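> Predicted model and sequence below, questions to follow.
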Amino acid sequence: MAELQERTFIAIKPDGVQRGIIGEIIKRFETKGFKLVGMKMLQASEDLLMQHYMDLKDRPFFPSLVNYMSSGPVVAMVWEGKGVVKTGRVMLGETNPADSKPGTIRGDFCIDVSK
């Protein structure tokens, strides 16, 4: 019987696309042994973003989040592999880059919590 593979959604935000770090982020997931099963660069509409971030709609930063995420292209990816959800979170680091350890994606690349 084949082992079930988890899938997770990872998005590279507009500043990551602008800064040219798409390849580095893909490399980290591939090096970890995960398989990229879907990827699309798109300009996300406000409607799509409002649906995607619906769980955050009551938070004070919600309007600025939607505005920022619609400000430029994003790279939407689906990664597959054993433990990809939990391991992906560890690889990304804490939401606040100041709390993220060096070696994590946010620890190495993020400048501000909003970007």
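Sure, I can see it.
> so where is the chain shaky, pLDDT-wise?
Scanning the chain for pLDDT under 70 picks out the ranges 1-3.
> where do the helices sit along it?
Taking DSSP state H as the criterion, the chain contains helices spanning 14-19, 22-31, 46-52, 62-69, 84-92, 105-109.
> what comes up buried for the fourth one?
Which is helix 62-69. Across helix 62-69, burial judged by 16 or more other C-beta atoms under 10 Å covers 62, 65, 66, 68, 69. Backbone N, C-alpha and C define where each C-beta goes, glycine included.
> Who are the contact partners of residue 93?
By C-beta atoms under 8 Å, 6 or more residues apart in numbering, residue 93 lies in contact with 99, 100, 101, 104, 105, 106, 107, 110.
> ok, so what distance separates the closest residue to residue 56 other than its chain neighbours from residue 9?
Leaving aside its chain neighbours, residue 56 sits nearest to residue 62 (5.3 Å; criterion: C-beta to C-beta, 6 or more residues apart in numbering). Residue 62 sits 19 Å away from residue 9, going by C-beta to C-beta, to the nearest Å.
> Residue 40 now?
For residue 40 relative to residue 9 (C-beta to C-beta), the value is 11 Å.
> Which neighbours do the two have in common?
residue 76.
> before we move on, back to that, among the contacts of residue 93, which pair sits farthest apart?
For those, the maximum inter-member distance is 13.4 Å, found between 99 and 105 (C-beta to C-beta).
> more neighbours, these two?
residue 105 (21 against 12; other C-beta atoms under 10 Å).
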